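K.L.:
could you look at this predicted model? Sequence included:
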Amino acid sequence: MNKKYVLIFLMVLTIPLLFGINVWQSNKAGKLQREISRLQREQAEMMEKNREAIAVITELLSTDNLEYNARKIPGLRRMLPEDIMLIRISGGEGSGR
């Protein structure tokens, strides 16, 4: 008879304990879900900023923009064919011949 009471006593203690564990786990899952949502929003914001930065870089590197800004620099001019000097080194090491 004594073993039966011990078993009932353990069951009575176990039920609230399992309920408490369930509540704790639900709380933890909710916190993790909120953190995931926050990180997804942050990722979306960063991706948008990245797209904007790429658009700005693309605009800055466009040929028209480069030429426009180059004209503002005193003494800078477009190279002419006669400004180019071609140097050929034949023979010797590393030439592949």
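P.N.:
That came through, no problem.

K.L.:
identify the residues contacting N65.
P.N.:
Contacts for N65 (CB atoms under 8 Å, 6 or more residues apart in numbering) come out as E59. Glycine gets a C-beta too; all of them are placed from N, C-alpha and C.

K.L.:
just the pLDDT at it, thanks.
P.N.:
We have a pLDDT of 86 for N65.

K.L.:
in which helix or strand would I find it?
P.N.:
helix 63-71 (DSSP states H and E).

K.L.:
and that helix, C-alpha only, in PDB?
P.N.:
Provided in PDB are the C-alpha atoms of helix 63-71 (Å, rounded to 0.1, in the frame of the first residue of the first chain):
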ATOM      1  CA  THR A  63      31.500  56.100 -68.700                       C
ATOM      2  CA  ASP A  64      29.600  59.300 -69.000                       C
ATOM      3  CA  ASN A  65      30.000  60.100 -65.300                       C
ATOM      4  CA  LEU A  66      33.800  59.300 -65.400                       C
ATOM      5  CA  GLU A  67      34.300  61.500 -68.400                       C
ATOM      6  CA  TYR A  68      32.300  64.300 -66.800                       C
ATOM      7  CA  ASN A  69      34.300  64.200 -63.600                       C
ATOM      8  CA  ALA A  70      37.600  63.800 -65.400                       C
ATOM      9  CA  ARG A  71      36.900  67.100 -67.300                       C
END
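
K.L.:
same for the helix of greatest length in the chain, what does it pack against?
P.N.:
The residue-count maximum for a helix in the chain (DSSP state H) belongs to helix 2-60. Packed against helix 2-60 by the contact rule (3 or more CB pairs under 8 Å, 6 or more residues apart in numbering; DSSP states H and E) you find no helix or strand.
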